[in-house]
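Visitor: Give me the fold of what follows.
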Amino acid sequence: MSWFILIVAGIFEIGWAVGLKYSGGFTRLWPSIGTLGAMSVSVVLLGLAMEQLPVGTAYAVWTGVGAIGTALLGIHLFGDPASVARLACLALIAAGIIGLKLVSSS
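Guide: Residues are numbered from 1 along each chain as shown. A predicted model of the protein is given here:
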């Protein structure tokens with residue numbers, strides 16, 4: 001269950017990272033509220049996952065899920081570059097997340 005919670009925390013991290021773009025530096029009310037809400041949920045869920053998972057593993061997976069998701073949404077929503085090299089680097093992050101899951105005892 002802790003891995004599921006951790007992945008959900010990573011998804012909320014994606015939400016707040018993308019929300020930062022829409023909030024206009026916290027100058028737009030509703031995107032700012034949504035961003036702050038997603039931040040709160042993400043950190044609380046990360047804390048819950050860390051009760052069972054090693055801190056280094058949990059943090060690395062949380063940031064990795066956030067980085068991959070945010071980069072992919074940046075490509076889709078904001079026209080960020082989608083070069084082969086960039087996508088390959090994202091694949092390496094995904095491989096690291098999978099590797100951490102495979103070697104984790106929890």
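
Visitor: so which strand or helix has Val18?
Guide: Assigned by DSSP states H and E, Val18 falls within helix 2-23.

Visitor: so who does the residue most central in space within the chain touch?
Guide: For the chain, the residue sitting closest to the mean C-alpha position, by C-alpha atoms, centre = their mean, is Gly66 at 1.7 Å. With contact taken as C-beta atoms under 8 Å, 6 or more residues apart in numbering, Gly66 is in contact with Gly10, Glu13, Ile14, Ala17. (Glycine included, C-beta is placed from N, CA and C.)

Visitor: Tally up the residues packed near Ser59, please.
Guide: Actually, residue 59 is Tyr rather than Ser. By other C-beta atoms under 10 Å, 15 other residues sit near Tyr59.

Visitor: And for the one 5 residues further on?
Guide: The local packing count at Gly64 equals 21, with neighbours defined by other C-beta under 10 Å.

Visitor: My guess is it contacts Gly10. True?
Guide: Yes: using C-beta atoms under 8 Å, Gly64 is in contact with Gly10, at 7.4 Å.

Visitor: Could you point out the helix or strand that follows the helix ranked longest in the chain?
Guide: Longest helix in the chain by number of residues (criterion: DSSP state H): helix 55-78. Following helix 55-78 in sequence order, the next helix or strand is helix 84-103 (DSSP H and E).

Visitor: How about that next one, which residues are buried there?
Guide: Leu90, Ile93, Ile97, Leu100 (16 or more other C-beta atoms under 10 Å).

Visitor: Adding distance to Leu46 and pLDDT as columns, could you present those in CSV?
Guide: Listed next are the buried residues of helix 84-103 as CSV, based on distance: C-beta to C-beta, whole Å; pLDDT from 0 to 100:
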residue, distance to Leu46, pLDDT
Leu90, 21, 98
Ile93, 17, 98
Ile97, 14, 96
Leu100, 15, 94
